[in-house]
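Colleague: Sequence plus the predicted model coming up.
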Amino acid sequence: MNKTSVKGNWNEQKGKLKQMFANLTDDDLMFAEGKRDEMIGKLQKKLGKSKEELEKLISGL
């Protein structure tokens, strides 16, 4: 899978997450290469979910 398809897939997932959790912003879902753990940490604080819950949620979109 190339970077373009990964980015497109993430944009789709990001939209679904924003529909599920209205309090999420684009900044909360900023995904930069190598910064995945940082993004997951922000989501943990904002949504009150564990890392495992978020991983499962994101992979299931």
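Modeller: Received, thanks.

Colleague: hey, let's count contacts and neighbours off CA atoms from now on
Modeller: Will do.

Colleague: Tell me the gap between stretch 19-31 and the middle of its chain.
Modeller: A distance of 7 Å separates the centroid of the chain from that of stretch 19-31, by Cα atoms, centre = their mean, to the nearest Å.

Colleague: Now that stretch: average pLDDT?
Modeller: Averaging pLDDT along stretch 19-31 gives 87.

Colleague: Low-confidence stretches in this structure?
Modeller: In the predicted model of the chain, residues 1-8, 32-34 satisfy pLDDT under 70.

Colleague: Would you state the strands of it in chain order?
Modeller: With DSSP state E applied, the chain shows no strands anywhere along its length.

Colleague: so who does the spatially most central residue of the chain touch?
Modeller: Nearest residue to the geometric centre of the chain (Cα atoms, centre = their mean): Leu29, 5.1 Å. Listed by Cα atoms under 8 Å, 6 or more residues apart in numbering, the contact set of Leu29 reads Lys14, Met39, Leu43.

Colleague: Need phi/psi at the residue nearest to the first one when sequence neighbours are not counted.
Modeller: So the one you mean is Lys14. Distances taken as Cα to Cα, 6 or more residues apart in numbering put Leu29 closest to Lys14, at 6.6 Å, once the chain neighbours are dropped. Main-chain dihedrals, Leu29, degrees, to the nearest 10: phi -100, psi 20.

Colleague: separation between Leu29 and Gly60?
Modeller: Relative to Gly60, Leu29 is positioned 16 Å away (Cα to Cα, to the nearest Å).

Colleague: If you drop the residues flanking it in sequence, what lies closest to Lys49?
Modeller: Counting by Cα to Cα, 6+ apart, Lys49 lies nearest to Leu43, which is 7.7 Å off, once chain neighbours are set aside.

Colleague: Quick check: the one you found touching Asp28?
Modeller: Yes - between Leu43 and Asp28 there is a contact under Cα atoms under 8 Å: 6.7 Å.

Colleague: Break down the protein into its helices, ranges please.
Modeller: 3-20, 36-47, 51-59 (DSSP state H).

Colleague: Now render the ones you listed as a markdown table, adding mean neighbour count.
Modeller: Below are these laid out as a markdown table (neighbours: other Cα atoms under 10 Å):
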| stretch | mean neighbour count |
| --- | --- |
| helix 3-20 | 13 |
| helix 36-47 | 14 |
| helix 51-59 | 12 |
